[in-house]
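Student: requesting a structural model of the entry that follows:
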Amino acid sequence: MHWQQVLVITAATATVLTAVRCGGTPERRLVPLPAPRLKGDLSLEEAIAGRRSSRSFADRPLTLEQLSQLAWSAQGVTEKRRGFRTAPSAGALYPLELYFVTPKATYHYVPAEHHFEVHREGDLRAGLADAALGQECVRDAAVNVVITAIFSRTTGKYGARGKTYVHMEAGHVGQNLLLQATALGLAHVPVGAFHDGDVSRALDLPDRHEPVYIICIGHRPE
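Tutor: The predicted structure follows:
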């Protein structure tokens, strides 16, 4: 099956492409991401020492460069030949799928191409906050990174123990996000209190994409 990319929207913060079947209808709307930086202004040790949870955020969106850096830190490909990523995964099976819930849209991150797919247009943060027991930090964050899991990718090889491996992997990804946010000078807080089914419905998640973690990130209050 052949694909081509057609430019459909150009905005100040993002270029949105639609991937279409040749001669067919639009299938995917893509947002190319800037290449991530591999050297920052803060050392790893400084980021570890400075990491603190904060539930207060300024009412200001993140740039596409910041979103790109966060996405890469969580699941970016660091070894192209074998597809290894920034966080370890049992058997290199990579069961996690990431959704970035922003005021403009909710995006699904595609590590292999380092781009976003537009999952849903519009601001879904209020519904996500309701699913997270009404927590204001979810409603106010510039982006909520919702880490979901397709457990069968791992349990198919490791059986019931695979569920533990998936949760461990989500922890690795969460810490990468928190440290990267710290290095970018952003406020952040991890959230585990939510109703799984309500999150799935609020974001209209695909079948088998089960929410396991929410990381709220935004600018520090001014």
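Student: next SSE downstream of the longest helix anywhere in the chain?
Tutor: For the chain, the longest helix by residue count, based on DSSP state H, is helix 161-183. Sequence-wise, the next helix or strand downstream of helix 161-183 (DSSP states H and E) is strand 187-191.
Student: out of the helices and strands in the protein, which is least certain?
Tutor: With mean pLDDT, DSSP states H and E as the measure, the helix or strand of the chain carrying the lowest mean pLDDT is strand 3-10 (a mean of 35).
Student: I'd like to know how many residues surround Leu184.
Tutor: By other CB atoms under 10 Å, the residues close to Leu184 number 22. Just so you know, the C-beta spots here come from the backbone N, C-alpha and C atoms, and that holds for glycine as well.
Student: next, the closest residue to it other than its chain neighbours: secondary structure please.
Tutor: When the adjacent residues along the chain are set aside, Leu184 lies closest to Gln66, with 5.9 Å between them (CB to CB, 6 or more residues apart in numbering). The three-state assignment at Gln66 reads helix, by DSSP: H, G, I helix; E, B strand; the rest coil.
Student: ok, and what's touching the longest helix of the chain?
Tutor: Where contact means CB atoms under 8 Å, 6 or more residues apart in numbering, the residues beyond helix 161-183 that reach it are 40-42, 44, 47-48, 50-51, 69-70, 73-75, 86-90, 95-96, 98, 145, 147, 149, 151, 154-156, 158, 187-188, 190, 212-213, 215, 217.
Student: now intersect the residues you listed with the strands, please.
Tutor: With strands identified by DSSP state E, the entries of these that belong to them are Leu96, Leu98, Val145, Ile147, Ala149, Ala187, His188, Pro190, Val212, Tyr213, Ile215, Ile217.
Student: state the distance from the residue lying closest to the last one once chain neighbours are set aside to Phe194.
Tutor: Sequence neighbours aside, His188 is the residue nearest to Ile217 in space, at 4.6 Å (criterion: CB to CB, 6+ apart). Plainly put, His188 is 17 Å away from Phe194 if you go by CB to CB, to the nearest Å.
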